[in-house]
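> Curious how this folds, go ahead:
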Amino acid sequence: MKIWDSATGKEQFALKGHADTVGSVAFSPDGQRLASGSNDKTVKIWDSATGKELLALKGHAHLVTSVAFSPDGQRLASGSWDQTVKIWDSATGKELFALRGHPSGVQSVAFSPDGQRLASGSQDKTVKIWDSATGKDLFALKGHANEVITVAFSPDGQRLASGSWDQTVKIWDSATGKEQFALKGHAGPLRSVAFSRTASAWRLGALTRR
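Next up is the predicted model:
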């Protein structure tokens, strides 16, 4: 991984320590730490100012595909091809609990803006919504024709976007799980989705995997 000065484009330093490909990174809300998930089955937490490795989180049985800090920065979620999502104490690296329910690998995880829920997208073509405090499986969002690669909550937490190998983005009511509409037009699988953070309206950006 590399840390860059976003104003100048200058490379500040490289973070080395994983034994295999790094597939996901996420900054903590205060920007002081960086989490990385790797094919080496571990999650590492780094000091983003110095590049020092702070913690290595071990427990997944397969590659780690996605990492996400909770809005308060106290917890970290990681999704893996071992079909689980793990919730960790981001300060100590202690595993708090594991979320089990997907019959296939987990591709993406995202906390709701209030931190109370967690979404996970899976190769099983579904998105699951979990209670992030208890690990309870609240409901599943079904409608994609292929694996779900990426998920993202809107800034107000009322909507969830999911991007899939089926070349569509679906927008869901995150409280009920009802599909609101599908965005079609990409000619390839969706790799990433993100909402804008404007207060007056919401917009969505999507990136196609080539």
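> Could you use CA atoms for every contact and neighbour count after this?
Fine.
> For Arg197, report the pLDDT, please.
On pLDDT, Arg197 comes in at 78.
> Now do the same contact list for it.
Pro155 (Cα atoms under 8 Å, 6 or more residues apart in numbering).
> Outline the domain layout of the protein.
As assigned by automatic domain parsing, the chain contains the domains 14-100, 107-210.
> Tabulate those (TSV), appending distance to Ala7.
What follows is the domains of the chain, written out as TSV (distance: least, Cα to Cα, whole Å):
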stretch	distance to Ala7
domain 14-100	15
domain 107-210	20
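> any idea which of those domains scores lowest on pLDDT?
domain 107-210 (a mean of 91).
> Now find how far off-centre that domain is within its chain.
The chain centroid and the centroid of domain 107-210 are separated by 10 Å under Cα atoms, centre = their mean, to the nearest Å.
> ok, back up a step: who wins for proximity to Lys2 among the domains of the chain?
Among those, domain 14-100 comes nearest to Lys2, with 4.3 Å by Cα to Cα.
> mind checking the end-to-end distance for that closest one?
End-to-end distance for domain 14-100: 34 Å, by Cα to Cα, to the nearest Å.
> Run the chain-centre distance for that domain.
The answer for domain 14-100 is 10 Å, by Cα atoms, centre = their mean.
> cool, stretch 4-14 as well?
24 Å.
> For that stretch, measure first residue to last.
9 Å.
> what does it contact?
1-3, 51.
> try stretch 152-162
110-114, 119, 121, 127, 148-151, 169-175, 193-197, 202.
> same check, this time on stretch 23-42
Contacts of stretch 23-42 (Cα under 8 Å, 6+ apart): 18-22, 43-49, 56-73, 78.
> Keep only those of those residues that are in helices.
Nothing among those maps onto helices, per DSSP state H.
> Give me the buried positions along stretch 66-84.
If you call a residue buried by 16 or more other Cα atoms under 10 Å, then stretch 66-84 has these buried ones: 66-71, 73, 75-84.
> mind checking how far Phe195 is from Ser112?
12 Å.
> Please, which helix or strand holds Gly93?
Gly93 belongs to no helix or strand when assigned by DSSP states H and E.
> what about the closest residue to it other than its chain neighbours, how many residues close to it?
In space, and not counting its chain neighbours, Gly93 is closest to Leu57: 5.8 Å by Cα to Cα, 6 or more residues apart in numbering. Neighbours of Leu57 under the rule other Cα atoms under 10 Å: 19.
> hang on, isn't Leu57 packed against Trp46?
No: using Cα atoms under 8 Å, Leu57 is not in contact with Trp46; the gap is 11.5 Å.
> ok, now which ones touch the residue nearest to the spatial centre of the chain?
The residue lying closest to the centre of the chain (Cα atoms, centre = their mean) is Val109, at 3.1 Å. Neighbour list for Val109: 66-68, 77-79, 85, 118-121, 150-151 [criterion: Cα under 8 Å, 6+ apart].
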